[in-house]
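Asker: Below are the sequence and a predicted model for it; my questions follow.
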Amino acid sequence: QPSKYPDEPHTKFMAPKRMHLFTGIQLGLFVILTVFRSISVIAIAFPIVIKACIPVRMYMLPRYFTEEELIMIDTDDSIV
């Protein structure tokens, strides 16, 4: 139901499934970062995992989302 979403550009012009896919990807990255941070044996690799998030945004997300969708969902609302 569209009334459940705030009145934002990405909620007006994107399907809810697309927004949920983006949120799921963000949640997955957050879980990976939390796991790497909380386990002391592998915590040394935390900065590497942070740097690995950059290629995900640059190369993986454009495969699943159009440029317009990424601008709407991943940019400051005042710019859109």
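Answerer: Looks like it came in fine.

Asker: In three-state terms, label the residue of the chain most remote from its centre for me.
Answerer: Centroid-distance maximum for the chain: residue 41 at 26.9 Å, with Cα atoms, centre = their mean. Per DSSP: H, G, I helix; E, B strand; the rest coil, the local secondary structure of residue 41 is coil.

Asker: And it, its phi and psi?
Answerer: As for residue 41, its main-chain torsions (degrees, to the nearest 10) stand at phi -70, psi -40.

Asker: Next one: it relative to residue 35, how far apart?
Answerer: Distance, residue 41 to residue 35, by Cβ to Cβ, to the nearest Å: 11 Å. Where you see a C-beta, it was placed from the backbone N, CA and C, and this is true even at glycine.

Asker: so residue 68 is in which element?
Answerer: helix 67-73 (DSSP states H and E).

Asker: Tell me the buried residues in that helix?
Answerer: For helix 67-73, burial by neighbour count (16 or more other Cβ atoms under 10 Å) applies to 69-70, 72-73.

Asker: which two in the residues you listed are spaced the farthest apart?
Answerer: The distance between the two most remote of the buried residues of helix 67-73 (Cβ to Cβ) is 7.4 Å, for 70 and 72.

Asker: Just the pLDDT at residue 12, thanks.
Answerer: On the pLDDT scale, residue 12 is placed at 82.

Asker: Could you give the number of residues near it?
Answerer: Counted with other Cβ atoms under 10 Å, residues neighbouring residue 12 total 10.

Asker: And residue 34, by the same measure?
Answerer: 10.

Asker: Any figure for the gap between it and residue 27?
Answerer: 10 Å.

Asker: Now for residue 26, which secondary structure element holds it?
Answerer: helix 16-38.

Asker: Dump the helix or strand of the chain with the lowest mean pLDDT to PDB, keeping only the CA atoms.
Answerer: Within the chain, no helix or strand scores below helix 9-13, which has a mean of 81 by mean pLDDT, DSSP states H and E. Extracted in PDB, the C-alpha atoms of helix 9-13 (Å, rounded to 0.1, in the frame of the first residue of the first chain):
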ATOM      1  CA  PRO A   9      10.800  10.800  -4.800                       C
ATOM      2  CA  HIS A  10      11.900   7.200  -4.600                       C
ATOM      3  CA  THR A  11       8.500   6.100  -3.100                       C
ATOM      4  CA  LYS A  12       6.600   7.900  -5.800                       C
ATOM      5  CA  PHE A  13       8.500   6.600  -8.800                       C
END
